[in-house]
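Enquirer: Just the structure for this:
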Amino acid sequence: MKKKVAIIMGGYSSEYKISLNSGNVVHTYLDKNEFESYRIHIFKDKWVYVDENDKEFPVNKDDFSIRTNGKTITFDCVFNAIHGTPGEDGLMQAYFELLNIPQTSCDYYQAALTFSKRDLLSVLKPYGIKSAPSYYLNMGDSIDLDAIVEKVGLPCFVKANKAGSSFGISKVYKKEDLQSAIELAYKEDNEIIIEAFLEGTEVSVGVIKFKGETKVLPITEIVTENDFFDYEAKYEGKSQEITPARITPEQEKKVSEMAKHAYEVLKMKGFSRSEFIFVNNEPYMLEMNTTPGLTTESILPQQAKIAGISLAELFGNAIKEVLPKNS
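Expert: Residues are numbered from 1 along each chain as shown. From the prediction side, this is the model:
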């Protein structure tokens, strides 16, 4: 009997359009012989099932069911394709745990932890995972520009602590430009992380649970035409994503082991994609995404393809990993 799968997409953040693309790709490529998939749009003002004719049916939040054609439908599993809040920060994960519905991403604690760049890097530091020198600011804090420059140097990156797709990020070369960069980041989040600029090769490492094992996917090298890997570089063709990355076997071994170690230390499940920069042959972690882009052009699906894993297999496996083993 086919499993009924709700693909949640959209969300409450600036990333909602990218999430809709990811969710639609999952819906298109899931094996129709094994799964009956339903597109569920999650927005602040509505949770709705969207059928093939784009007709909307409300979701009952009490049990996450829908009613269509005179029938009530409940789901065997939820495929999480929401980038940003509430799909990547633990809110949806906690909700589905309360309802006892399996879902494909990590658990709620891991989602909340990894969604905060500051908290993630702090937790991983004792495990030997290096990161750039950083300075933290919260909305309302007094801003000491001299102290920031003394801690992280120039140039530096000013980032919203809990935002993806490079929203609210600036590369700052002069102290007098720090204030406006901080204001831009505050438009995305009330917490900021300011990091030292690391010069080196940037790579993206996908780690997934595949057929019961933790699997590191082929590594992607990021080469951007822009000053850094910003929104335009990510989504508007201003970068090259080279898989497999042009790095040495030693670098590949180091960063693969580090990405896998982080995944296992955090007791992750589902997909993760971590970004690193090599400095003097050592990988420094920038962040970890737990619901990475899943369009055909996105990095993790590119990596899976090089590894010989089709999109149907990638998405289907994510569901099978979380379904009860006797189902």
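
Enquirer: where in the chain is pLDDT low?
Expert: Scanning the chain for pLDDT under 70 picks out 163-166, 225-238, 327.

Enquirer: ok, now with 90
Expert: Residue ranges of the chain with pLDDT under 90: 13-15, 162-169, 188-189, 224-240, 297, 325-327.

Enquirer: how does it divide into domains?
Expert: Listed domain ranges for the chain are 3-104, 112-117+199-322, 134-196 (source: automatic domain parsing).

Enquirer: distance between the ends of the longest one?
Expert: When you say that, I think you mean domain 112-117+199-322. Start-to-end span of domain 112-117+199-322 (CA to CA, to the nearest Å) is 19 Å.

Enquirer: ok now it, how far from the chain's centre?
Expert: For domain 112-117+199-322, the separation from the chain centroid amounts to 10 Å (computed by CA atoms, centre = their mean, to the nearest Å).

Enquirer: Report the contact partners of Leu178.
Expert: 143, 145, 148-149, 158, 172, 194 (CB atoms under 8 Å, 6 or more residues apart in numbering). C-beta: built from backbone N, CA, C; applies to glycine.

Enquirer: Excluding chain neighbours, what is closest to Asp31?
Expert: Distances taken as CB to CB, 6 or more residues apart in numbering put Ala312 closest to Asp31, at 5.0 Å, once the chain neighbours are dropped.

Enquirer: Just the element for that neighbour, please.
Expert: helix 311-322 (DSSP states H and E).

Enquirer: Confirm Ile182 sits in a strand?
Expert: No: read with DSSP: H, G, I helix; E, B strand; the rest coil, Ile182 is helix and lies in no strand.

Enquirer: In contact with it: list those residues for me.
Expert: By CB under 8 Å, 6+ apart, the contact list for Ile182 reads 137, 143, 158, 192, 194.

Enquirer: so how many other residues sit close to the fourth one?
Expert: I take that to be Ile192. When neighbours are defined as other CB atoms under 10 Å, Ile192 has 27 of them.

Enquirer: so what does the helix or strand encompassing it touch, helix or strand wise?
Expert: Assigned by DSSP H and E, Ile192 belongs to strand 191-196. Contact here means 3 or more CB pairs under 8 Å, 6 or more residues apart in numbering; DSSP states H and E; on that basis strand 191-196 packs against helix 117-124, strand 134-138, helix 145-152, strand 156-160, helix 178-186.

Enquirer: How about the last one, which residues are buried there?
Expert: The neighbour-count check on helix 178-186 (16 or more other CB atoms under 10 Å) flags 178, 181-182, 184-186 as buried.

Enquirer: before we move on, the earlier item: nearest to Thr104, out of the helices and strands packed on strand 191-196?
Expert: Of all the helices and strands packed on strand 191-196, helix 117-124 sits nearest to Thr104, with 20.2 Å by CB to CB.

Enquirer: Okay, buried residues for the closest one please.
Expert: For helix 117-124, burial by neighbour count (16+ other CB under 10 Å) applies to 117-118, 120-121, 123-124.

Enquirer: Pull the distance from it to the chain's centre.
Expert: Its chain's average C-alpha position is 15 Å from that of helix 117-124, according to CA atoms, centre = their mean.

Enquirer: Let me know the angle separating it from strand 191-196.
Expert: 60 degrees (axes from the mean of the first three to the mean of the last three CA atoms, to 10 degrees).

Enquirer: This protein: helices as residue ranges?
Expert: Per DSSP state H, the chain carries helices over the ranges 16-29, 91-99, 108-115, 117-124, 145-152, 178-186, 231-235, 249-265, 299-306, 311-322.

Enquirer: and Asn69, which of those helices is closest to it?
Expert: Nearest of the helices of the chain (CB to CB): helix 16-29, 18.6 Å.

Enquirer: Can you list the neighbours in contact with the closest one?
Expert: Residues from elsewhere that reach helix 16-29 (CB under 8 Å, 6+ apart): 7-11, 37, 39, 41, 43, 79, 81-84, 87, 165, 235, 291, 293-296, 298, 301, 310-312, 315.

Enquirer: cool, stretch 203-212 as well?
Expert: Residues from elsewhere that reach stretch 203-212 (CB under 8 Å, 6+ apart): 214-217, 219-222, 241, 245, 247, 255-256, 259-260, 262-263, 268-278, 283, 292, 299-300, 303-304, 309, 314, 317-318, 321.

Enquirer: Give me the distance between Thr291 and Lys215.
Expert: For Thr291, the distance to Lys215 (CB to CB, to the nearest Å) stands at 18 Å.

Enquirer: From the contacts of Ile182, keep the buried residues only.
Expert: Neighbour-count burial (16+ other CB under 10 Å) is assigned, among the contacts of Ile182, to 137, 158, 192, 194.

Enquirer: The first one touches Ile192, doesn't it?
Expert: Yes: applying CB atoms under 8 Å, one finds Leu137 in contact with Ile192, separated by 4.3 Å.

Enquirer: The spatially most central residue of the chain: what's it in contact with?
Expert: When CA atoms, centre = their mean is applied to the chain, the residue found nearest the centroid is Asn289 (2.8 Å). Applying CB under 8 Å, 6+ apart, one finds that Asn289 lies in contact with 83, 88, 114, 164, 272-275.

Enquirer: Out of the residues you listed, which sit inside strands?
Expert: Among the contacts of Asn289, DSSP state E puts 272-275 in strands.
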